[in-house]
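Trainee: I would like to see how this sequence folds:
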Amino acid sequence: MRLVVDASVVAKWFNIEELSNKAVEVKEAFVEGTLELAAPIHIIYEVGNSIWRNTQLREEDAGEAIASLIRIGLHLLAPDMERARRAMEIARLKKTTFYDATYLQAGEELKTPLLTADESQMAAGRGLVKTIHLSEVKL
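Mentor: Numbers count the residues shown, from 1 in each chain. Prediction:
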């Protein structure tokens, strides 16, 4: 199975919050090779920001967390003109942020469901790309 994953899911790998256990199951399936995960490259920066905000992580642990995110090997989609234009169209159409629209664009391009823990992202995906809430993912 292949999914596009957004920062609301991946951030839970490093920050203990609601549905963190489910997010870790997704990560484990990816590491074991039973699940493919893709995301726009800026997920590194979004998740990095959530790690930075986590005051419970020591500095060295935060540095290791971001390094492990890079090492894990998500299939990262680099921006290009076509992707950026389509993401902007989606952002305007769905009245969502450009950042969030890039995940929707990736799901559309890859013909792959988007996994999210964000209710507004679920709503934005309706009629455009199949979205799966983290609480409902079946691995």
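
Trainee: how about the strands of the chain, start to end?
Mentor: Ranges of strands in the chain, per DSSP state E, are 2-5, 36-40, 75-77, 114-116, 131-133.

Trainee: Would you mind finding the most buried of the ones you listed?
Mentor: strand 114-116 (a mean of 28; mean count of other Cβ atoms under 10 Å). Any C-beta I mention is one placed from the backbone N, CA and C, and that applies to glycine too.

Trainee: Neighbouring strands - and their directions - for that strand?
Mentor: strand 2-5 (parallel), strand 131-133 (parallel) (DSSP bridges).

Trainee: can you put those strands in CSV and add distance to residue 16 and mean pLDDT?
Mentor: Shown next, in CSV, are the strands paired with strand 114-116 (distance: least, Cβ to Cβ, whole Å; pLDDT from 0 to 100):
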stretch, distance to residue 16, mean pLDDT
strand 2-5, 18, 99
strand 131-133, 19, 98
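
Trainee: So for residue 54, which of the ones you listed sits nearest?
Mentor: For residue 54, the closest of these is strand 2-5, at 19.0 Å, according to Cβ to Cβ.

Trainee: picking that back up, would TSV of the strands of the chain with distance to residue 49 be doable?
Mentor: Below are the strands of the chain laid out as TSV (distance: least, Cβ to Cβ, whole Å):
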stretch	distance to residue 49
strand 2-5	16
strand 36-40	15
strand 75-77	17
strand 114-116	17
strand 131-133	22
